[in-house]
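J.: A predicted structure for the sequence below; I have some questions about it.
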Amino acid sequence: MSIAQRIRRANFQMVTKLAVVAAGMFAFGYALVPLYREICEVTGINILALSELEVPGGASGGKDVKVPANTQVDMSRTITVEFDANVHGALWDFKPAQNSIQVHPGELHTVMYQFQNVQNRRMAAQAIPSYAPQQAAPYFNKLECFCFNQYTLDPGEKKEWPVAFIIDPKLSKDVKTITLSYAFFEVGGKTPPAPTAAAPQLQVEPKS
């Protein structure tokens, strides 16, 4: 075998080895995704929460949502979150896309609210949130909410806005249901008081 042939053979063997190593690294990285999910399911701990996470914009109306660091999911608890919308008069249609969901404290969830200006003129409006029971308010962390901004809508214009939230696992275990309610008011008009949501009855587990 000539020297040139030996060099070509050595080069071919090297390329083959590099290809095998690259394929192995790709397979290992791909396998980490389901492995990570299994670990999270078993432990209930978000490993990536050691640093701030970003949720893709598709779940939050086109914006990246920052998830607080060190968020842990409490898989042992389930809380019912009810959604309500208060409409004053017949100036607009305003409602949640779903009435309620079941969540674990520490989990990130996104729900949508639907709004339509049914007036024959442009309107600037903003929403006011409220919570029931009130003790849940400090633990209901909204990461993205249409209530953060004012909006201008043309006659007949429809919008769909997200509310991305996490319930702090430190919330009292006596709270089984939280109602998130919004009142939409026209900017420049008389601002209504925050809506009063019907307070859910606390279910206190008997002490053994």
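T.: Nice, I can see it.

J.: If you average pLDDT per helix and strand, which one of the protein comes out bottom?
T.: Lowest mean confidence among the helices and strands of the chain (mean pLDDT, DSSP states H and E): strand 53-55, at a mean of 42.

J.: what ranges do the helices span in the chain?
T.: If DSSP state H is used as the criterion, the helices of the chain fall at 3-43.

J.: end to end, how far does stretch 134-147 reach?
T.: Between the opening and closing residues of stretch 134-147 lies a distance of 18 Å (CA to CA, to the nearest Å).

J.: I figured Leu171 was touching Ala137, is that so?
T.: No. Applying CB atoms under 8 Å, one finds Leu171 not in contact with Ala137, separated by 10.3 Å. To be clear about C-beta, it is placed using only N, CA and C from the backbone, and glycine gets the same treatment.

J.: Counting neighbours around each, name which of these two comes out higher.
T.: Leu171 (18 against 13; other CB atoms under 10 Å).

J.: Quickly note the distance from the more buried one to Ala132.
T.: 13 Å (CB to CB, to the nearest Å).

J.: do Ala85 as well
T.: 14 Å.

J.: Repeat that for Asn149.
T.: From Asn149 to Ala132 the distance is 24 Å (CB to CB).

J.: who has more neighbours, the two?
T.: A side-by-side neighbour count of Asn149 and Ala132, using other CB under 10 Å, places Ala132 first with 20 against 9.

J.: beta partners of the more buried one?
T.: Note on Ala132: beta-bridge partners Thr179, judged by DSSP bridges.

J.: hang on, isn't it packed against Phe140?
T.: No. Using CB under 8 Å, Ala132 is not in contact with Phe140; the gap is 10.7 Å.

J.: overlap in contacts of those two?
T.: Ile178 (CB atoms under 8 Å, 6 or more residues apart in numbering).

J.: And the pLDDT at the residue nearest to Ala164 when sequence neighbours are not counted?
T.: Once flanking residues are discounted, Ala164 sits nearest to Glu144: 4.0 Å by CB to CB, 6 or more residues apart in numbering. Looking at Glu144, its pLDDT stands at 90.

J.: burial of Glu144, as a residue count?
T.: Count around Glu144 with other CB under 10 Å applied: 20.
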